[in-house]
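Colleague: Have a look; sequence and predicted model below, questions after that.
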Amino acid sequence: MTYIQMGKLTGIHSTLLCRYVTGSTRPSRAQSRHLERTLLRRSWFKERLRGRMKVRDDGYLDLNSVTSDPNILRWIAAEAASEFSKVRCDRGLTAATSGISLATAIALEMRQPIVYATHSKASGVRSYIEADLHSVNPAQVSTLYIARDEMKRGDNILIVDDVATTGRTLSGLILLVKRADCKVGGIFVLSSKSYSWKKRVSPLLEERSKVAVMYELGRE
């Protein structure tokens, strides 16, 4: 937002707002509360962020303007860290490549290592854990890989996904966690395009595994 836009929402002159932002002037306690009510409401920011999620004519959900913006990623990461503040999470896990920027931001906020599951093996790594991903339409199988030494036995893993639709990728990530002798501490999904993925994923999870979805966009 520009200072003029903030001024219209708050009733505070843009010059004074600039001084608040740069730190040359500190607002009073009453002014701080006023700014918090008018500019820092979580619901307001969440609504604005939803407006940047574009659904194309072919049904594809375009999150590029969200996951490429460092300021937005910091806000989402803080929300995720707050959501899982009481859940033990030793490291994060996501599937390359679309979830990397989001998962990295969350890992930085939570100060934990991050693991990227890839669709191919890298040269030089001898031992991999793998999980097949099955799709019906079209009928095909792909595979996710992580190096065997990237997760420690007994770790609690936070799985991060930017878009959940069928649950195909999430199911594969859960299988990787189990095959590494680790546990799913939680799953964070930025946007959900349907409800069917939960039916596919739920049987694979323990009761204590927490699932948090920031945006429920699905209707089926």
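Modeller: Cool, the structure landed.
Colleague: Report pLDDT for the closest residue to Lys54 other than its chain neighbours.
Modeller: Among residues not flanking Lys54 along the chain, Asp62 sits closest, at 4.3 Å (Cβ to Cβ, 6 or more residues apart in numbering). In short, each C-beta sits where N, CA and C put it, glycine included. pLDDT for Asp62: 88.
Colleague: same thing with the one 4 residues further on?
Modeller: At Val66, the model reports a pLDDT of 93.
Colleague: what about it, how many neighbours?
Modeller: 21 (other Cβ atoms under 10 Å).
Colleague: Assumed it was part of a strand.
Modeller: No - going by DSSP: H, G, I helix; E, B strand; the rest coil, the assignment for Val66 is helix, not a strand.
Colleague: That one and Asp58, how far apart?
Modeller: 19 Å (Cβ to Cβ, to the nearest Å).
Colleague: Could I get the full set of helices for this structure?
Modeller: 3-10, 14-22, 29-39, 42-50, 64-67, 70-83, 100-110, 168-179, 196-201 (DSSP state H).
Colleague: got the contact list for Thr15?
Modeller: Tyr3 (Cβ atoms under 8 Å, 6 or more residues apart in numbering).
Colleague: low-confidence ranges in this protein?
Modeller: 42, 219-220 (pLDDT under 70).
Colleague: try 80 this time
Modeller: Along the chain, segments meeting pLDDT under 80 span 40-44, 57-59, 136-138, 218-220.
Colleague: thinking again about what came up before, is there a neighbour count for the residue nearest to Lys54? I'd like the number.
Modeller: Residues near Asp62, counting by other Cβ under 10 Å: 13.
Colleague: from memory it sits against Arg52, does it?
Modeller: No - Asp62 lies out of contact with Arg52 (Cβ atoms under 8 Å); the separation is 9.3 Å.
Colleague: Near the closest residue to Val201 other than its chain neighbours, how many other residues are there?
Modeller: The shortest distance from Val201 to any non-neighbouring residue, by Cβ to Cβ, 6+ apart, is to Gly167 (4.7 Å). Residues lying near Gly167 (other Cβ under 10 Å) number 20.
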